[in-house]
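Undergrad: Below are the sequence and a predicted model for it; my questions follow.
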Amino acid sequence: MNSVPDIFRILPEVVLTITGVAVMMIDASLPAGVARRSLGWVAAIGTTLALWASLWQLSLPEGTGFYATVETTAFTVFFHVLICGIVLVSLLLSLDTLPERNHHQGEYYALMVFGAVGMCLLTSAVELLLVFVALEISSISTYILAGYRKETGRGPEAALKYFLLGSFATAFLLYGVAMVFGATGTTQIYEIARLAPTAQNHGFVLLALAMMLAGIFFKVSAAPFHVWTPDVYEGAPSPVVALLSTAPKAAAFALLLRVLYEMLPTLRPVWSPLLWVVAVLSMTVGNLAALRQENVKRMLAYSSISHAGYLLAAFAGLGSSGIAAASFYIAAYAAMNVGIFAVVTLVSGYDDKLPLIADFRGLMYRSPLLGSLLIFFLVSLVGIPFTGGFFGKFYSFSAAVGGGAIALAIIGLLNSGLASAYYLRLAFAAAQRPADRSAETPLLTPQVGVAVGAALLLAVAATLVLGIVPGEVLRAAEAGAHTLQAIPEAGAHVITMAPQLKP
């Protein structure tokens, strides 16, 4: 019998929940005219404690809790640390960019923290009903955050589109859960892995796979389930987009890895060609659409679709190589994407007063620091050596080649060359001398505060570490990959980790 208390299995989620409740209670107790900026620091401190709690879980023996509904392994710790890190940087970015006049900052910070609860729980859940609950916790928070700028027309439009399309995607996922339950009689992932190969209603299993993939592909904005992405990225505040474009996708990709490699590995001949097609569609559609964009946030939205394709290419890898490559790519993409949206936030402002590529012209002359950081993150997105983006693509395409998908790797390399056209267009605009501007056009001089400076420093450091000394992160990803594939006997797993019941 395992002596680890069940509460330790969800300690990061508990810390985040307490933090979110504390933020809301303090917010309610403050007078209307008092600034709420300090609540952001409360949320940041709580998220830091949750990150520490995630690392502390490495000292626990691997296993499950709460009747085998959640588990603690190197895989779950890897994604917990990644998600908490993203949320922390997004909170620091928000501290210096949200307007002081806004009286809903407490709700904003609480929603970010509560969203992190759902994302972390999604990566550690090994029971499909808990997966659904965690997905809803994460989604509801992000739906509201997407429409935070309700004084503009695009904010409510972004939230409404995200909510309606997200509800359909969640319904597909839930129908898939119902189908797999009908075929196997259980919603426990390890039990499904044991029973699915011999299920009498094998068609239900295939239908469940298709429906669950549709729901997950929406969350990671993979083509052809990407239509919500550009409008939501454009309408939501840039600090929120920094979160939306990384943390929920990391959690969704963790779920995708668990569903494919842990729950339904015997269906690899079915899902591997399907992911091959979706990867090619995402890379090609995302890059071709990004080439036509003049709005920076819409361009980065289509860029995120293409990166979903690069990441899906790793799923062609055999065994733990594909899982480790995908996990590493998620970390690399999160670091550089959060960083570039931090720069966009400072340049364009909370209200996106300078949204176009042409507005970034001369950024190196207006703010050498931000101009240099913008070019640095763009170079990483292209995949130039000594940046996280290079090793992310290298490991992803290497995994695809190792799995026999050489054509997929070649298509990925060609798409990477195509993507460099729009990334470098923005970089060249930032490096050009400022054009003469009329008196009617505002010219912002970005100011870097302490909190946003810390956010930028963390993003730069992570991108450099992943590009120069990626060994530690890659080893952590490989350790998670091995634990994900180590499927124990279902009965023993449930009996060993379930808490004792006293008569």
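TA: Great, that's in hand.
Undergrad: Helices of the stretch 151-300 of the chain, start to end?
TA: 154-184, 189-195, 202-219, 229-235, 238-244, 247-257, 268-291, 296-313 (DSSP state H, counting those that start in this stretch).
Undergrad: Need the pLDDT of L426.
TA: Per-residue confidence for L426 comes out at a pLDDT of 95.
Undergrad: distance of it from A334?
TA: Computed as C-beta to C-beta, to the nearest Å, the L426 to A334 distance reads 20 Å. For every residue, glycine as well, the C-beta is placed using N, CA and C.
Undergrad: The two: who's more crowded?
TA: Neighbour comparison, L426 and A334: the larger count goes to A334, with 26 against 22 (by other C-beta atoms under 10 Å).
Undergrad: Now do that one against V465, distance only.
TA: Computed with C-beta to C-beta, the distance linking A334 and V465 is 13 Å.
Undergrad: so where's the stretch 1-150 of the chain uncertain?
TA: By pLDDT under 70, the low-scoring segments of the stretch 1-150 of the chain are 1-2, 101-103.
Undergrad: What number of residues are in the vicinity of the residue nearest to P197 when sequence neighbours are not counted?
TA: The shortest distance from P197 to any residue that is not its chain neighbour, by C-beta to C-beta, 6 or more residues apart in numbering, is 4.7 Å, and that residue is T266. Residues near T266, counting by other C-beta under 10 Å, number 12.
Undergrad: T266 is in contact with A196, isn't it?
TA: Yes: taking contacts as C-beta atoms under 8 Å, T266 lies within contact range of A196: 6.7 Å.
Undergrad: in what helix or strand does the residue nearest to L95 when sequence neighbours are not counted lie?
TA: Sequence neighbours aside, A451 is the residue nearest to L95 in space, at 3.8 Å (criterion: C-beta to C-beta, 6+ apart). Here A451 is covered by helix 450-468, with elements defined by DSSP states H and E.
Undergrad: Kindly report the same for E71.
TA: If you go by DSSP H and E, E71 is part of strand 70-72.
Undergrad: and that strand, how far from the chain's centre?
TA: 20 Å (C-alpha atoms, centre = their mean, to the nearest Å).
Undergrad: next one: stretch 222-234 to chain centre, how far?
TA: Going by C-alpha atoms, centre = their mean, the spacing between the C-alpha centre of stretch 222-234 and its chain's C-alpha centre is 14 Å.
Undergrad: my bad, stretch 254-264
TA: Offset of stretch 254-264 from its chain centre (C-alpha atoms, centre = their mean): 16 Å.
Undergrad: got the contact list for it?
TA: Contacts of stretch 254-264 with the rest of the structure, by C-beta atoms under 8 Å, 6 or more residues apart in numbering, involve 75, 79, 122-123, 126, 131, 135, 189-190, 192-193, 196, 205, 209, 212-213, 216, 220, 268, 271, 275, 315, 322-323, 326-327, 330, 484-485, 487.
Undergrad: Kindly write the ChimeraX command that selects the buried subset of these.
TA: To isolate the buried subset of the contacts of stretch 254-264 in ChimeraX, counting by 16 or more other C-beta atoms under 10 Å, use the following:
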select :75,79,122,123,126,131,135,189,190,192,193,196,205,209,212,213,216,220,271,275,315,322,323,326,327,330,484
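Undergrad: L173 and F132 touch, don't they?
TA: Yes: using C-beta under 8 Å, L173 makes contact with F132 at a distance of 6.8 Å.
Undergrad: Can you verify A334 is assigned to a helix?
TA: Yes: the assignment for A334 by DSSP: H, G, I helix; E, B strand; the rest coil puts it in a helix.
Undergrad: i'd like the first residue to be 67 from this point on
TA: Done: numbering now begins at 67, and the last item shifts to A400.
Undergrad: Which residues are in contact with Q171?
TA: Residues near Q171 by C-beta under 8 Å, 6+ apart: D93, R102, R103, L105, G106, L164.
Undergrad: tell me the two of those residues that are most distant?
TA: The span of the contacts of Q171, defined through C-beta to C-beta, is set by D93 and L164 at 13.6 Å.
Undergrad: Which pLDDT value goes with T511?
TA: With respect to pLDDT, T511 has a value of 53.
Undergrad: Equivalent analysis for the one 5 residues further on, please.
TA: According to the model's per-residue confidence, V516 sits at a pLDDT of 88.
Undergrad: In space, what's closest to it - neighbours in sequence excluded?
TA: D162 (7.5 Å).
Undergrad: Can you tell me how far the one you found is from R499?
TA: Separation of D162 from R499 (C-beta to C-beta): 28 Å.
Undergrad: and what of G281?
TA: G281 sits 48 Å away from R499, going by C-beta to C-beta.
Undergrad: Out of the helices of the stretch 217-366 of the chain, which gets nearest to G129?
TA: Each of the helices of the stretch 217-366 of the chain was checked against G129 via C-beta to C-beta, and the shortest separation belongs to helix 255-261, namely 11.9 Å.
Undergrad: circling back: so among the contacts of Q171, which ones count as buried?
TA: Buried residues within the contacts of Q171, counting neighbours by 16+ other C-beta under 10 Å: D93, R102, L105, G106, L164.
Undergrad: from those residues, which single one is nearest P536?
TA: Of all the buried ones among the contacts of Q171, G106 has the smallest distance to P536: 31.3 Å, by C-beta to C-beta.
Undergrad: got the contact list for the closest one?
TA: Applying C-beta under 8 Å, 6+ apart, the residues contacting G106 are L157, S160, L161, L164, Q171, Y175, A517.
Undergrad: Most widely separated two among those residues?
TA: Considering C-beta to C-beta, no two members of those lie farther apart than Q171 and A517, which are separated by 13.2 Å.
Undergrad: what about G281 and R499, which has more around it?
TA: G281 (24 against 8).
Undergrad: Just give the closest residue to that one, not the sequence neighbours.
TA: Take G281 and drop its neighbours on the chain: the residue closest to it by C-beta to C-beta, 6+ apart is L239, 3.0 Å away.
Undergrad: my guess is H146 meets S190, correct?
TA: Yes: at 7.3 Å, H146 and S190 qualify as touching, with contact defined as C-beta under 8 Å.
Undergrad: Where does pLDDT dip in the stretch 467-569 of the chain?
TA: Judged by pLDDT under 70, the stretches of the stretch 467-569 of the chain that qualify are 501-513, 551-569.
Undergrad: swap the cut-off to 90 and go again
TA: Of all residues in the stretch 467-569 of the chain, those with pLDDT under 90 make up the ranges 469-470, 498-516, 548-569.
Undergrad: Please enumerate the helices of it.
TA: Taking DSSP H, counting those that start in this stretch as the criterion, the stretch 467-569 of the chain carries its helices at 472-497, 516-534, 537-551, 556-563.
Undergrad: before we move on, the earlier item: how near is the residue nearest to V516 to P305?
TA: Computed with C-beta to C-beta, the distance linking D162 and P305 is 9 Å.
Undergrad: neighbour count winner among the two?
TA: P305 (30 against 21).
Undergrad: who are the neighbours in contact with the residue lying closest to A140 once chain neighbours are set aside?
TA: Closest residue to A140 apart from its sequence neighbours, by C-beta to C-beta, 6+ apart: A545 at 4.1 Å. Residues in contact with A545, defined by C-beta under 8 Å, 6+ apart, are A140, F141, F144.
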